[in-house]
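A.B. asks: okay, structure incoming, though there's no sequence with it:
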């Protein structure tokens, strides 16, 4: 299976015109559950890197949920495995809207959710409450996975699952990073930080 | 159910999709539905039946259209002024409020203008206003739009968001004095917050947009967020109102609503999603259903507790045009009292009927470009158990199986 890249329009060569449309729609549809909603501005990797005060490779160690000022928040604890920008320390907790409190559940689309053991590179900034959250939510979340066939570690931007299919032009538009080798992503990130947000 | 018929080009389809499927394919009629999505709520089955509803089947979250007095909606007239969050053509205080109010009304009208749904304008109470700055309170039971409420959820790149509050217990209230939930999955509060006080992010009414090309179109943003308050998730269809990314500054998504076509900005995908969430018994024009099961050639490969392929993606393609008609992730069904059964079932509903047309059905394993890690929402909202919820009754417990990423199947016609 060919690997998708940022902004890629490539598809498996085996796909015919019609099956390509189906594949794309499948890709699109299946991504929608990830995007628990919101209106996001499209941001480049450079813009994300510029906005973030901390960029770190982390592993989720647990989550808690509680109400603050009437709203439900999910607080996710991470062990910091590597820092690319800022000095987050060995542990960091981030705040994201939504979660369950008793019989009430608040859902905010586009806010990522993590489970213990999840690994990611996240772009963080201070919130108005003084703690941390993720820049542009799904856009600032890059999941780390291991390719089942090659064993290679890859990076997939959470918002890449929001990629869209245009039924009018029958074209696919992917605006995220998907299944990019970790080393390649780090090189891009280094370049983005050097470029200062362009 | 529509009468079944063999697909014309099933062999070619199977080759193209690179797998074979024991897939029931139904003839159906009409144009595209699409990739709309819902959120689901599983009732708290630790409660008595009069509270849980007596079923552990996942319920789509949606508004109560039978709420006495209508669904309460309002917007906060507290507006950011330094810098201005909302740009209007009329600069007088009264004119400014009237222009914003008209935009809010138009955004609601886009959704209530969809034919074939029970979401008539009358299901909403008259649009109210409040002068309170922090009026978006998820415990007041009033769906509120706020333009000047700072919230620590806002980070760079987040232009607006909607907090949708739902209940997993009948009778549960969003807060004191609010109407109790009448069904599982009822949306008991939904608030829309637009980013305030950011000099680089402004929103403009339709009358002011042309003069402020760097502003985001307020009507587009509100229409999208109101879709969330109605229970719609994000759509993968480009140009759909529920596509997760808003239009660029200075532009409007689609066509402005008109008196003759109030739902003009919506895509068919948006309309199909709304019809599925708020069906109307009088709607006979969108009664098409495609359903079936995805079964492996060798059932021994199935994970324990499953009788069909879980996580296969099923797409209906219009045979004549080649356009994608609809898509769904197959894998589960549920009959009361639940829980969800992982039998490979899929259903695509609310397809228009009247002009018979053939569809080709594909199923595709999650072996790329889509992978199981890309679809956690398809696996996490369907089940609850003693691990997720201590004390959960065994007979209503289930655990989502791993998504089948590798399988081999054949396509055959429906009965």
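C.D. replies: Yep, it's here. Owing to the predicted nature of the structure, the values given are computational and were not obtained by experimental measurement.
A.B. asks: report the buried residues of stretch B:204-222.
C.D. replies: B:204-206, B:208-209, B:212, B:215-222 (16 or more other C-beta atoms under 10 Å in any protein chain shown). In short, each C-beta sits where N, CA and C put it, glycine included.
A.B. asks: go back to these and keep what's next to chain A.
C.D. replies: Among the buried residues of stretch B:204-222, the residues that sit close to chain A (C-beta under 8 Å from any C-beta of the partner chain) are B:216, B:221.
A.B. asks: out of the buried residues of stretch B:204-222, who's nearest chain A?
C.D. replies: residue B:221 (5.4 Å; C-beta to the nearest C-beta).
A.B. asks: ok so that closest one is a helix residue?
C.D. replies: Yes. Membership of residue B:221 in a helix is supported by DSSP: H, G, I helix; E, B strand; the rest coil.
A.B. asks: how far away is it from residue B:249?
C.D. replies: Residue B:221 sits 11 Å away from residue B:249 when distances are taken as C-beta to C-beta, to the nearest Å.
A.B. asks: now swap in residue B:158 and tell me
C.D. replies: With distances taken as C-beta to C-beta, residue B:158 is found 15 Å from residue B:249.
A.B. asks: and those two? which has more neighbours close in?
C.D. replies: Neighbour count, other C-beta atoms under 10 Å in any protein chain shown: between residue B:158 and residue B:249, residue B:158 has more, with 28 against 18.
A.B. asks: quick one: that one and residue A:138 touch, right?
C.D. replies: No. Between residue B:158 and residue A:138 there is no contact under C-beta atoms under 8 Å: 9.8 Å.
A.B. asks: tell me how many other residues surround residue 70.
C.D. replies: No chain in the question, so chain A it is. Neighbourhood size, residue A:70 [other C-beta under 10 Å]: 18.
A.B. asks: switch to chain B, please.
C.D. replies: Applying other C-beta under 10 Å, we find 14 residues neighbouring residue B:70.
A.B. asks: cool, the one 3 residues further on as well?
C.D. replies: Applying other C-beta under 10 Å, we find 20 other residues in the vicinity of residue B:73.
A.B. asks: now it, what are its backbone angles?
C.D. replies: Dihedral angles of residue B:73 (phi, psi; degrees, to the nearest 10) stand at phi -130, psi 150.
A.B. asks: if I pick it, what's in contact with it?
C.D. replies: Residue B:73 makes contacts with B:108, B:124, B:125, B:127, B:128, B:142, B:143, B:144, as judged by C-beta atoms under 8 Å, 6 or more residues apart in numbering or on different chains.
A.B. asks: any idea how far it lies from chain A?
C.D. replies: Separation of residue B:73 from chain A (C-beta to the nearest C-beta, to the nearest Å): 18 Å.
A.B. asks: tell me the confidence at that residue?
C.D. replies: We have a pLDDT of 98 for residue B:73.
A.B. asks: around the nearest residue to it once chain neighbours are set aside, count how many other residues there are.
C.D. replies: Of all residues not flanking residue B:73 in the chain, residue B:143 sits nearest, at 4.7 Å (C-beta to C-beta, 6 or more residues apart in numbering or on different chains). Neighbour count of residue B:143, defined by other C-beta under 10 Å: 27.
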